[in-house]
Every structure is written in C-alpha cells, then in structure tokens.
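Asks: A structural model of the following input is requested.
(chains A and B)
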Amino acid sequence: MQISDRQIDDFKTDRKDITPPLPVVLRLVPILFYCSIAVAIILSSIFFIQFRLAIKKRDDHRAQAAALAAQTQQSKNERAALEAQIKKATDIQSWVSGSRPIQPLLVEITRSMDPKSSILDLRLDRGIDDPTQIQMGLKIGADSNKQLDLTLSRISSMNFRAFSPSQTLGRGILDFKATLVRKLPQNNTSAGETEGTVQ
Amino acid sequence: MNSIDLKSILNFSAFRPEPDDPSASWRRRFPNERTIFFGIGRARLSWRGISRSGKPTETESVKAEPREALTQTADHLKSLADRGWCAVSLNTRYVISLETNLSRRTGSEELLKTNPRAILGGKYERAKRYAVTHNPETNSSILLTFDEDQTRKAEAMFSESGFRVGRICCGTYLLLRHALAETNNTKGSEQPFSSFYIICCEGAVCALVQDQDRWMELRSRTDVYEDEIGPISDLLAPFHSRLAPEIGITLVCDEPLPDLAERLGTAFPGRQVNDLSQPGLLATLMVKN
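Replies: The predicted model follows:
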C-alpha cells in the first residue's frame, strides 16, 4: 500500500478571486524589459561618453583650426611683407637696371664740378614716350656760366647732346634745364642742335 | 491591466502563486520570506517562526485562551513574519472517523470541498468542512470533519491581530497522513503493513489500527493532555487487548513528548515503538507541502 502525504487539506475560507500564476515562459517579458533597460542604460552611458569625447574632439579641432588659421594669417602677413620687400627690391633692381645707362653721365656731371661749385639739385627723368630722351634739371651753386659750360662739354663728351636748353642765373644759383639725347656714333652733329638761352 | 498588475509582473510576483492560493506549496507562495506557524489547542497557543530558507525556528508557547494569548503577543509575533502571513494548525472541534464506501470518483476530493453532500450522502452535516484519505487497498477511508465556524473564528482572530492566514489545517490529521505515508510506501498489496498509529498534537490524540493494510479501528479525541502524558496511556489502554500480537506502534507527535515512547513500551509490552516525532515536524510538513 502506498499513501502520499504531498497534499495538505486546507480549510481556510478560499478567496473567490484568486488568480493562477502566469505561465513561466512569460517571465521573458519582465526579463526582456529589465534587459532592455540595462542595455539602454549601457548604451546611454556609451553615447554620453562618446558625446563628451566628441565635444572634446570638436573643441580640440576648433582650437586646432583656430591655431592653424592664425598661423595661416601670420604666414600670409609674413608673405605679404616678403612680397612687399621683394617688390621694393625688384623696384630697386629695376631702378638700378634702368638707371645704369645714365650712371656714367651722372658720374661725369659730378666730376665736372669745380671745387668752387656745387650741385644743389640734379634730376634726370627718362621720357615715358621716348626713353632715349632724358629731361635734365640741374641747379648749380656758381656765380658764372663757366661751370655750366664745363659740365655741358663733359656731357657732350659722353655722346649726349642737350636740346631745348634753358638756364636761369640768380643769387649765385644757376638753374639749367634741357633734354639730353644720345648722339649716334655716325651722326655726331644733329640738325636739331641748339644753343641754350640764358633767361 | 492596471499599475498593480504591471508592478506584479515587473517584480515577478505575478509568476508566483498568490499567498493565499491553497493549491500551491508554502515555499512557492513565500520564497525568501519569513512567515509564522501557529498551533492552536483548547487553552494553548504555540508558534514557530519560519525562516527565509523555510526552516522552523524554536517553538514557543503560551498557556492561555488562544485569542487572549494572540492579542497579548501579537506585536512580538508580527516581527517574526515579514508580511504577517501565517499558517495555522487547529486542533479543536474536529472529528476524525473511519468511513467505508465513500465515493472515489475522479475529482471526488475536490468535490468534497465544494459539494460534500454529493460525496458523503447521509453522513453530510451542515457547516462542516471535510477532508478524506482513502485506503488504496480497501474500501475504508479516513474522514476529517472540521467545524466551519471554528475556522471562520480562527481567521477572524488572526485578522484582528494583524495576521494574514495563508493556510488552516488540522495538525493531527496532517501528522496521521504523514505517519501513513512514511510507513506505507510500497505499491501493491504484496507486502501488507500492520501498525498501531498514535498521533499526538497540541493535546489531541488520534489512534489508528492498521492490520495487513486494513484500517480496523480509529479513535480520536481532542484536549486529552496538557503537561501530563498519563491521559494518553489511559486513552490507548483499551487497544491493548484488541491488537494482534505482531503489530508494532508508530508514534508521531508534533513535538517530541518526553517518556511517551517508554510509557507506550510499558503499556504495550513486547511491541516495537517506532517514534517518528521530530522537533518542529508539523511546521516542517506545513512548509514542505
């Protein structure tokens, strides 16, 4: 004979609305719910950390970009300064190159000065339309035309001829203006040669 | 579905039986929760706390009318239970009898709770609750008749003291079934078993004679003893002459009673006494099932 004692007879007054427990398989619902919350928290944490890192990276990049922009601007400024200096140097070079043909003329004019005379002002402007013509303006501190004649003879010796000369003498200053034209070697005497006039 | 339902799903309580669901075991109903077990006699209230692991603690008792004793000790006792749930063993105002030819149709045990008249016929009494244990080898059955009014009073008494009753049972009947299950554990009738079962619980005594698997005689009395166990021997003495010579004694008490086994050995000379009593046995059975 076998008798089981697994069941206990309960005499408690049963409640009418007792509901049976839900099936075990439905435990997946709250488990998945908690898992989703945990995953959401983990992902949110990761996203938050990544967000912070991204903000830091962005700020770093911005700072780097600002630094690079400042560096670029500084380079541009330096380049502009360099270009300005290059332009100046080029101008000087051009001026030096351009003035080379008349440098012997200047030297000769300067050497022609008597010890008692002095050059107060000397201008040599090459013509824009015809660079072979040179507008010369010379102020000499002298009391007579002797120094001017000497200077003109030295200019002539440099194969330059003065056209349309004009000179003014007053108070020890001789102001002479003329257009210098280089003489061609085979044509030493030009038809247009004129004497200067004293005003 | 309201917020309470959602909360019960999220804290997994919806997947456990409700605390007062009688179809579920105590452990399934109260996992990891402290509860309390009460034993009620005529003038005695005893209790044991049930730990979160389901182990009963040391027993305590008060000799007083149970309602008064419960009122006086309620504050202390409520601290032993997390949510106030308790199991109660009522050991007064019940009758255990031996019946024959009770219906054993499928579902008859459930029907005995809902419509006992259909099972018991002329033996049915109003305002009673019943439980039955059938002898699988014969047509005899052990019928427990419990006073419904007593049950309701006990429920009201515990409710008034702030407890929630999760189970009410008859300790004596439960121990009798335990004794029968412990000794009758072989299927079929090839090895018939004979024993004289003696059950003692909260002052109540039940004696059953089983001879070759047949239940011959049953006697049950409540409020037989308090401190002295002499009345137990007196109640059982008449069985001495009616027991077959080879029948041994199976003794089960809710708490081990000192000297009872020796006294039974003296009262029933030449019979082996198999004492199945253990401290906290009834509470353990209540929690286990």
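
Asks: Now do the SS call for residue 98.
Replies: Chain wasn't specified; assuming chain A. helix (DSSP: H, G, I helix; E, B strand; the rest coil).

Asks: ah, I was thinking of chain B
Replies: B:Leu98 ends up strand, using three-state DSSP.

Asks: Could you do B:Ile142 as well?
Replies: What three-state DSSP gives for B:Ile142 is strand.

Asks: Residue numbers of chain A in contact with chain B?
Replies: Within chain A, the positions near chain B by C-beta under 8 Å from any C-beta of the partner chain are A:1-15, A:18-24, A:26-27, A:29-30, A:33-34. (Each C-beta comes from the backbone N, C-alpha and C, glycine too.)

Asks: what about B:Leu98, how many neighbours?
Replies: As a burial measure, B:Leu98 scores 17 neighbours (other C-beta atoms under 10 Å in any protein chain shown).

Asks: outside of stretch B:16-35, which residues touch it?
Replies: Here stretch B:16-35 makes contact (C-beta atoms under 8 Å, 6 or more residues apart in numbering or on different chains) with A:10, A:12, A:14-15, A:18-21, B:49-52, B:54, B:80-83, B:85-87, B:164-167, B:286-289.

Asks: ok, back up a step: now the buried members of the residues of chain A next to chain B.
Replies: Among those, those buried by neighbour count (16 or more other C-beta atoms under 10 Å in any protein chain shown) are A:Met1, A:Ile3, A:Asp5, A:Ile8, A:Asp9, A:Asp10, A:Phe11, A:Lys12, A:Pro21, A:Leu22, A:Pro30.

Asks: which one in these is the model shakiest on?
Replies: By pLDDT, A:Asp5 ranks lowest within these, coming in at 70.

Asks: the helices in the chain, which residues?
Replies: Using chain A. Ranges of helices in chain A, per DSSP state H, are A:28-99, A:103-111, A:146-157.

Asks: um, chain B though
Replies: For chain B, the helices defined by DSSP H cover B:3-10, B:26-29, B:66-78, B:108-114, B:116-120, B:148-160, B:171-183, B:230-236, B:260-267, B:281-288.

Asks: Any chance of JSON lines for those, columns mean pLDDT?
Replies: Converted to JSON lines, the helices of chain B look like this (pLDDT from 0 to 100):
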{"stretch": "helix B:3-10", "mean pLDDT": "87"}
{"stretch": "helix B:26-29", "mean pLDDT": "87"}
{"stretch": "helix B:66-78", "mean pLDDT": "89"}
{"stretch": "helix B:108-114", "mean pLDDT": "83"}
{"stretch": "helix B:116-120", "mean pLDDT": "87"}
{"stretch": "helix B:148-160", "mean pLDDT": "91"}
{"stretch": "helix B:171-183", "mean pLDDT": "92"}
{"stretch": "helix B:230-236", "mean pLDDT": "86"}
{"stretch": "helix B:260-267", "mean pLDDT": "86"}
{"stretch": "helix B:281-288", "mean pLDDT": "87"}
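
Asks: Now mean neighbour count too, for those helices, in CSV please.
Replies: Shown next, in CSV, are the helices of chain B (neighbours: other C-beta atoms under 10 Å in any protein chain shown):
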stretch, mean neighbour count
helix B:3-10, 12
helix B:26-29, 18
helix B:66-78, 16
helix B:108-114, 15
helix B:116-120, 18
helix B:148-160, 17
helix B:171-183, 24
helix B:230-236, 16
helix B:260-267, 16
helix B:281-288, 23
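
Asks: could I get the ones you listed as TSV with distance to B:Val252?
Replies: As requested, the helices of chain B are arranged in TSV below (distance: least, C-beta to C-beta, whole Å):
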stretch	distance to B:Val252
helix B:3-10	39
helix B:26-29	20
helix B:66-78	23
helix B:108-114	23
helix B:116-120	27
helix B:148-160	23
helix B:171-183	4
helix B:230-236	13
helix B:260-267	11
helix B:281-288	7
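
Asks: ok, back up a step: out of the buried ones among the residues of chain A next to chain B, which two sit at the greatest distance?
Replies: Spatially, the most separated pair among those is A:Met1 and A:Pro30, at 45.8 Å (C-beta to C-beta).

Asks: Nearest the geometric middle of chain A, what residue?
Replies: A:Ala80 (1.8 Å; C-alpha atoms, centre = their mean).

Asks: What is the burial count for B:Ile96?
Replies: Neighbours of B:Ile96 (other C-beta under 10 Å): 25.

Asks: Low-confidence regions, chain A specifically.
Replies: Scanning chain A for pLDDT under 70 picks out A:6, A:185-199.

Asks: In CSV: the helices of chain A, plus distance to B:Ser13.
Replies: Listed next are the helices of chain A as CSV, based on distance: least, C-beta to C-beta, whole Å:
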stretch, distance to B:Ser13
helix A:28-99, 10
helix A:103-111, 112
helix A:146-157, 124
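
Asks: Which of these has the highest mean neighbour count?
Replies: With neighbours taken as mean count of other C-beta atoms under 10 Å in any protein chain shown, the helices of chain A reach their highest mean count in helix A:146-157, at a mean of 17.

Asks: Report all helices and strands that that helix contacts.
Replies: helix A:103-111, strand A:133-141, strand A:160-170, strand A:173-182 (3 or more C-beta pairs under 8 Å, 6 or more residues apart in numbering or on different chains; DSSP states H and E).

Asks: relative to strand A:133-141, how tilted is that helix?
Replies: Computed by axes from the mean of the first three to the mean of the last three C-alpha atoms, to 10 degrees, the angle separating helix A:146-157 from strand A:133-141 equals 150 degrees.

Asks: I would like the residues contacting helix A:146-157, please.
Replies: A:105, A:108-109, A:111-114, A:117, A:138, A:140, A:142, A:162, A:167, A:174, A:176, A:180, A:196.

Asks: switch the cut-off to 10 Å
Replies: A:105, A:107-114, A:116-119, A:136, A:138, A:140-142, A:145, A:160-162, A:165, A:167, A:169, A:174, A:176, A:178, A:180, A:183, A:188, A:193, A:196, A:198 (C-beta atoms under 10 Å, 6 or more residues apart in numbering or on different chains).

Asks: Only C-alpha atoms, please: export that helix in CSV.
Replies: Extracted as CSV, the C-alpha positions of helix A:146-157 are listed here (Å, rounded to 0.1, in the frame of the first residue of the first chain):
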residue,chain,number,x,y,z
LYS,A,146,81.8,128.8,-66.7
GLN,A,147,80.9,125.8,-64.6
LEU,A,148,77.8,125.1,-66.8
ASP,A,149,79.9,125.2,-70.0
LEU,A,150,82.3,122.8,-68.4
THR,A,151,79.5,120.4,-67.4
LEU,A,152,77.9,120.6,-70.8
SER,A,153,81.2,119.9,-72.5
ARG,A,154,81.6,116.8,-70.3
ILE,A,155,78.1,115.8,-71.1
SER,A,156,78.8,116.2,-74.8
SER,A,157,81.9,114.0,-74.3
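
Asks: how far is that helix from where the chain is centred?
Replies: 48 Å (C-alpha atoms, centre = their mean, to the nearest Å).

Asks: angle of that helix against helix A:103-111?
Replies: 160 degrees.

Asks: mind giving me CSV with the buried ones among the residues of chain A next to chain B and columns for distance to B:Glu33?
Replies: Listed next are these as CSV, based on distance: C-beta to C-beta, whole Å:
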residue, distance to B:Glu33
A:Met1, 37
A:Ile3, 31
A:Asp5, 24
A:Ile8, 18
A:Asp9, 23
A:Asp10, 18
A:Phe11, 23
A:Lys12, 18
A:Pro21, 16
A:Leu22, 19
A:Pro30, 19
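
Asks: and the end-to-end length of stretch A:162-179?
Replies: Its start and end residues considered, stretch A:162-179 measures 5 Å (C-alpha to C-alpha, to the nearest Å).

Asks: With that, I have no additional questions.
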